[in-house]
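Asks: coordinates for the following, if possible.
(chains A, B, C and D, ligands or ions: 4)
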Number of protein chains: 2
Amino acid sequence: MASYKDKGIKMTPQRMAIMEFLDGNPDHPSAEDIYMEVKEKYPMMSFATVYKTIEVLKSRGYLLELTIDPERRRYDPDTRHHHHLICVDCKKIVDIYGDFPVNVPEEAQESFELVGNHIEFYGICPECKKERRKNNGNIQM
Amino acid sequence: MASYKDKGIKMTPQRMAIMEFLDGNPDHPSAEDIYMEVKEKYPMMSFATVYKTIEVLKSRGYLLELTIDPERRRYDPDTRHHHHLICVDCKKIVDIYGDFPVNVPEEAQESFELVGNHIEFYGICPECKKERRKNNGNIQM
DNA sequence: TCTATCTCAATAATGATTATCCTTAAATAA
DNA sequence: TTATTTAAGGATAATCATTATTGAGATAGA
Ligand SMILES: [Mn+2]
Ligand SMILES: [Mn+2]
Ligand SMILES: [Zn+2]
Ligand SMILES: [Zn+2]
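Replies: Ligands and ions are numbered 1, 2, ... in the order given. This is a model prediction of the structure:
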């Protein structure tokens, strides 16, 4: 993640707090998640500052924006190529590392120039599995 | 796609127009795309009706919601399992059929129960490739 | 220290989606 | 066919996430 001496990026307490929260964070937080957490330490923190800092970090390649949750954008400080497994119930996202051979058949690409890929796995996390079992026998929706 | 005699679904000209537009449509249109197009035939069509019809079709399994474009939700009348290739420039989405062996290593799943997957391929479509070449030598952003 | 430039925080604006509410039309059965 | 029931349509307001604006304050470099 961006260091204190990063060229051109002015370091402020707010940015440091946001970066500290993100650094190594495996939870793929949303802008609101970041705001809620960092506000604890810096109650003066504005939501706008969170969005602006996200934008700065994104544009410098320190942060990835995930388009995996239809409700809100999630952010990932791990910019290495990896994939994600999302719980279809609680939307928890966990990292999946590893290489998968996903070469698109030539004719299917329709002469696109390929630049990358991302696999979304869907599943039910342990907690939600437990929750589902508990609700067995009860009225279902 | 839903037939006229689908149990419990009331057939109206608006719904028929929307369903007709979606049926076999390979373009993964957004709600606005649907609205714009169908309004041509039915100028009285309301945006709310588009959203409500989308909801009905989704809930009955006739339509998938794609979370692949961060700007807006896209819809796919092809509910068979398949993947997508998206142009990073113009956001055009094309279908990718085929099976890819993407078995997650046991320990990586963290005891999730897997239920599916979806691969997003990123690329540059032929039109945008042309566009990029044309802009070569010009001022770049 | 002075000054130009960045950044902050508050807040307004935007854009997509959802909710409300009253009217209208489709389905169904007499 | 007509009447009755009930879901659907249309207009529009509300909501929610995100982006833009703006004036005040902070920062860094001369
Ligand atoms: Mn990740
Ligand atoms: Mn598709
Ligand atoms: Zn879960
Ligand atoms: Zn393109």
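
Asks: give me the nearest residue to the closest residue to DNA strand D within chain A, chain neighbours excluded.
Replies: DNA strand D sits closest to residue A:73 of chain A, with a gap of 3.3 Å, by CB to the nearest atom of the strand. C-beta: built from backbone N, CA, C; applies to glycine. Closest residue to residue A:73 apart from its sequence neighbours, by CB to CB, 6 or more residues apart in numbering or on different chains: residue A:65 at 5.5 Å.

Asks: check residue A:93 too.
Replies: Leaving out its chain neighbours, the residue that sits closest to residue A:93 by CB to CB, 6+ apart is residue A:28, at 4.3 Å.

Asks: what do you get for residue A:35?
Replies: The nearest residue in space to residue A:35 (CB to CB, 6+ apart) is residue A:50, at 4.7 Å.

Asks: I figured the one you found was touching residue A:37, is that so?
Replies: No - using CB atoms under 8 Å, residue A:50 is not in contact with residue A:37; the gap is 9.9 Å.

Asks: of these two, which one has the most company?
Replies: residue A:50 (23 against 18; other CB atoms under 10 Å in any protein chain shown).

Asks: can I assume the more buried one sits in a helix?
Replies: Yes - assigned with DSSP: H, G, I helix; E, B strand; the rest coil, residue A:50 falls within a helix.

Asks: tell me the confidence at it?
Replies: With respect to pLDDT, residue A:50 scores 95.

Asks: which helices and strands sit right next to the top strand by length along chain A?
Replies: For chain A, the strand with the greatest residue count under DSSP state E is strand A:113-124. Where contact means 3 or more CB pairs under 8 Å, 6 or more residues apart in numbering or on different chains; DSSP states H and E, strand A:113-124 is packed against strand A:83-87, strand B:113-124.

Asks: nearest to ligand 2, out of these?
Replies: Closest approach to ligand 2 among the helices and strands packed on strand A:113-124 is made by strand B:113-124 (9.9 Å; CB to the ion).
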